[in-house]
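Sequence and predicted structure are below.
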Amino acid sequence: MAAVEYHSVITFLYLKRQNSTEIHQDMVQVYAEKCPNYSTVTHWVRKFKSGFLPVMDEHNEGRPPSVVTEKNVSTVEKLKMQDRQITVKQLAFETKISIGSVESILHDHLNLKKVSARWYQGY
């Protein structure tokens, strides 16, 4: 069972005015060994008591899961074709993406191989 489903059950039972012990006992009866442990139930009940009631986790702002997008691949390719001797560090600085992502784009998406200190088209 997914965590969000457990949260939903805990929320429902909390809103029915059950305490942590009662909620955990009810969940053990229904879910048996798949039930979250008592400390997890009390953690969520404490959060609910402090005013936190959404079931879904809040969206975390920040970087996207992957910066290797078609746009970034195209940008790296254009920069590489303009200056064949541009370094990975320079590409990372120009595109504002990590060195690892630039290397991934060069190797996995543009099929370039590192020979000595330069990247060449792989065959």
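Looks like it arrived, so ask away.

residue boundaries of the strands in this structure?
Secondary structure of the chain, counting by DSSP state E: strands at 112-115, 118-121.

so what are the domain limits for the chain?
By the assignment in automatic domain parsing, the chain contains the domains 3-49, 70-121.

Please tabulate the ones you listed in CSV and include mean pLDDT and mean neighbour count as additional columns.
In short, each C-beta sits where N, CA and C put it, glycine included. Formatted as CSV, the domains of the chain follow (pLDDT from 0 to 100; neighbours: other CB atoms under 10 Å):
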stretch, mean pLDDT, mean neighbour count
domain 3-49, 88, 15
domain 70-121, 86, 14
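
Mind jotting down where the helices sit in this protein?
3-15, 20-31, 38-49, 70-82, 88-95, 99-104 (DSSP state H).

Ok, which of the ones you listed comes nearest residue 110?
Residue 110 sits nearest to helix 70-82 of all the helices of the chain, at 5.7 Å, using CB to CB.

Would you mind pulling the contact partners of that closest one?
If you take CB atoms under 8 Å, 6 or more residues apart in numbering as the criterion, helix 70-82 is touched by 86, 91, 94-95, 97, 101-102, 105-106, 109-110, 112, 119.

Repeat that for stretch 28-47.
Stretch 28-47 is contacted by residues 1, 6-7, 10-11, 14, 19-21, 23-24, 27 when judged by CB under 8 Å, 6+ apart.

Between all of the residues you listed, which two are at the greatest distance?
The span of those, defined through CB to CB, is set by 1 and 19 at 21.9 Å.

so who does residue 19 touch?
Residue 19 neighbours (CB under 8 Å, 6+ apart): residue 45.

from now on call the first residue 640
Renumbered: residue one is now 640, and that last one reads residue 658.

any idea how far residue 645 is from it?
Remark: distance between residue 658 and residue 645 (CB to CB, to the nearest Å) = 17 Å.

same deal with residue 726?
Taking CB to CB as the measure, residue 726 falls 49 Å from residue 645.
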